[in-house]
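Peer 1: Could you look at this predicted model? Sequence included:
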Amino acid sequence: DEKTAISFLRGNKIETCISFRDLDLDSNKMANLFIKKGIKKSDNIVLLLDKSLVFIVVYIALQKIGAVCVPLNPGFKKSELTYLLNDASPALVIINPAQIEMIKQIDPGLTCMEIDTEIPFQEIGFFKSCSNTLKKVILAPDDPGLIIYTSGTTGNPKGAVLTQKNLVNDAKNVITIWEISDSDTLCHTLPLFHVHGLCFALHTALISGAHVVLLDRFEPRVVIDILKKNKTDLSCSIFMGVPAMYSKLIDTISDQTLCFDHMRLWTSGSAPLPTKEFQRITQTFGKAPVEREGMSETGMNFSNPLNGEKKPGSIGLPLPGIKVRIVDPETLLDVEPGKTGEFWLKSDSIISIYWKKPEETAKSFEQGWFKTGDLGKKDKHGYYYLT
């Protein structure tokens, strides 16, 4: 398909546009390079790359050969990376050249592949001579595809192992409830090493054939400049953000009057959205934001309805196929509506294990229910609230 899949902006300038067809062929070439380097199905591959088009091509290539992608924050310090690299036992670490020294100090035995994300994608040549036809790797629903490390409140980060079934189920759910389609354009300003930016935003856009306007970073002025555009190649219809981003955007707009009528969906997650902020967003952008809730271990669980009532302060209603219990942590019995308890969940998007942590895994499940550790309640209309 010659339709543009991704327009990548460095700063406020378009650096590269790539069609769905070229994204497919380039990721085939990259996949063949990985195969040549001996990367096999189920190998853990750490990605320590800055947000870029080459990051996405690498990521898709790894998915195509059944390798397990472990994206980490490229801004992590040596102490954080020491634990994570040791825990992930990667077959390969893909990094920016500036970090090679630090990685070698952490573990001289690690196999590294350097990719300079500062170079425009079309000038990166090292994989281009590989074949663009790829022998299909058969993937089973329970094959791991992604490990996302969760910060967790206590102890070391845990690697949530998301399977192909988890990732596909989550993406289909989000696409369904938010009606994401090939007529959408997503303004993508989130990092790619969290489920928010990678799974909820990138997966859903690419799977549904939407156009992704990929910004290398969140820079409020640049974002406003793009979001106010209408009737251009970069005219967006969806913005996914976190509450702090919205605050910065609103402060940047300050007293300008801008029209965002072409935008159909503003979503907020990763942190609670205070009622005051909900109102400011509605006022500034002309539409109520859709607040939702998700976790690294579960994908997206709740969302306010796209077309129904959006309740300020509420994470909304459970997504299709997600079963929810609100349990008294002492008695393990379900609480009455309106009472607070711990959210327990069941769905096809939820992990079965934490990477190499059998005890943590066992502690997180009770009779097949995933214990989120989050406290909340449900109102009489079925809307859920985190407390």
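Peer 2: Great, that's in hand.
Peer 1: Check the secondary structure at the residue lying closest to Lys229 once chain neighbours are set aside for me.
Peer 2: Leaving aside its chain neighbours, Lys229 sits nearest to Ser235 (5.3 Å; criterion: Cβ to Cβ, 6 or more residues apart in numbering). Placement of C-beta: from N, CA and C, glycine included. Secondary structure assignment for Ser235 (DSSP: H, G, I helix; E, B strand; the rest coil): coil.
Peer 1: Next: Ala201.
Peer 2: helix.
Peer 1: circling back: give the full set of residues in contact with the residue nearest to Lys229.
Peer 2: By Cβ atoms under 8 Å, 6 or more residues apart in numbering, Ser235 lies in contact with 185, 229, 262.
Peer 1: Repeat that for Pro141.
Peer 2: Applying Cβ under 8 Å, 6+ apart, the residues contacting Pro141 are 163-165, 168.
Peer 1: before we move on, back to that, please tell me which one of the contacts of Ser235 counts the most neighbours.
Peer 2: Highest neighbour count within these: Thr185, with 22 neighbours (other Cβ atoms under 10 Å).
Peer 1: Now do that residue against Ile326, distance only.
Peer 2: Look at Thr185 and Ile326: by Cβ to Cβ, to the nearest Å, they are 38 Å apart.
Peer 1: cool, Asp379 as well?
Peer 2: Taking Cβ to Cβ, one finds Asp379 at 12 Å from Ile326.
Peer 1: Mind checking which of those two has more residues around it?
Peer 2: Using other Cβ under 10 Å, the more surrounded residue of Asp379 and Ile326 is Ile326, with 20 against 12.
Peer 1: Which residue, other than its chain neighbours, is closest to that one?
Peer 2: Here the residue nearest Ile326, using Cβ to Cβ, 6+ apart, is Gly341, at 4.1 Å.
Peer 1: Surely that neighbour and Thr331 touch.
Peer 2: No. Using Cβ atoms under 8 Å, Gly341 makes no contact with Thr331, being 9.6 Å away.
Peer 1: Now for Asp143: which residues touch it?
Peer 2: Neighbours of Asp143 in contact, by Cβ under 8 Å, 6+ apart: 41-42, 66, 163-164.
Peer 1: what helices or strands is the longest helix along the chain leaning on?
Peer 2: Secondary structure of the chain read by DSSP state H shows that its longest helix is helix 20-36. The contact analysis (3 or more Cβ pairs under 8 Å, 6 or more residues apart in numbering; DSSP states H and E) places helix 20-36 against strand 4-10, helix 53-64.
Peer 1: Deepest-packed of these, please.
Peer 2: Across the helices and strands packed on helix 20-36, the average number of neighbours (mean count of other Cβ atoms under 10 Å) peaks for helix 53-64, which reaches a mean of 23.
Peer 1: all strands in the stretch 51-200 of the chain, in order from the N-terminus.
Peer 2: Remark: strands assigned in the stretch 51-200 of the chain by DSSP state E, counting those that start in this stretch are 68-71, 92-95, 112-114, 144-150, 158-163, 185-188.
Peer 1: Ok, which of these comes nearest Leu306?
Peer 2: Closest to Leu306 of these, according to Cβ to Cβ: strand 185-188, at 14.9 Å.
Peer 1: Tell me the helices and strands packed up against that closest one.
Peer 2: Strand 185-188 packs on strand 211-215, helix 220-227, strand 238-241, going by 3+ Cβ pairs under 8 Å, 6+ apart.
Peer 1: re earlier: highest neighbour count among the contacts of Asp143?
Peer 2: Thr163 leads the contacts of Asp143 on contacts (other Cβ under 10 Å) with 23 neighbours.
Peer 1: ok so, going back, tabulate the contacts of Pro141 in CSV, adding columns for distance to Ser208 and pLDDT.
Peer 2: Output for these, formatted as CSV (distance: Cβ to Cβ, whole Å; pLDDT from 0 to 100):
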residue, distance to Ser208, pLDDT
Thr163, 21, 98
Gln164, 18, 98
Lys165, 19, 98
Val168, 13, 98
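Peer 1: Nearest to Asp374 among these?
Peer 2: The closest of the contacts of Pro141 to Asp374 turns out to be Thr163 (Cβ to Cβ; 22.5 Å).
Peer 1: so how far is His194 from the nearest residue to that closest one once chain neighbours are set aside?
Peer 2: Nearest residue to Thr163 in three dimensions, chain neighbours excluded: Asp142, at 5.2 Å (Cβ to Cβ, 6+ apart). To His194, Asp142 is 23 Å away according to Cβ to Cβ.
Peer 1: In terms of neighbours, single out the busier of those two.
Peer 2: Neighbour tally, Asp142 and His194, criterion other Cβ under 10 Å: the higher count belongs to His194, 20 against 10.
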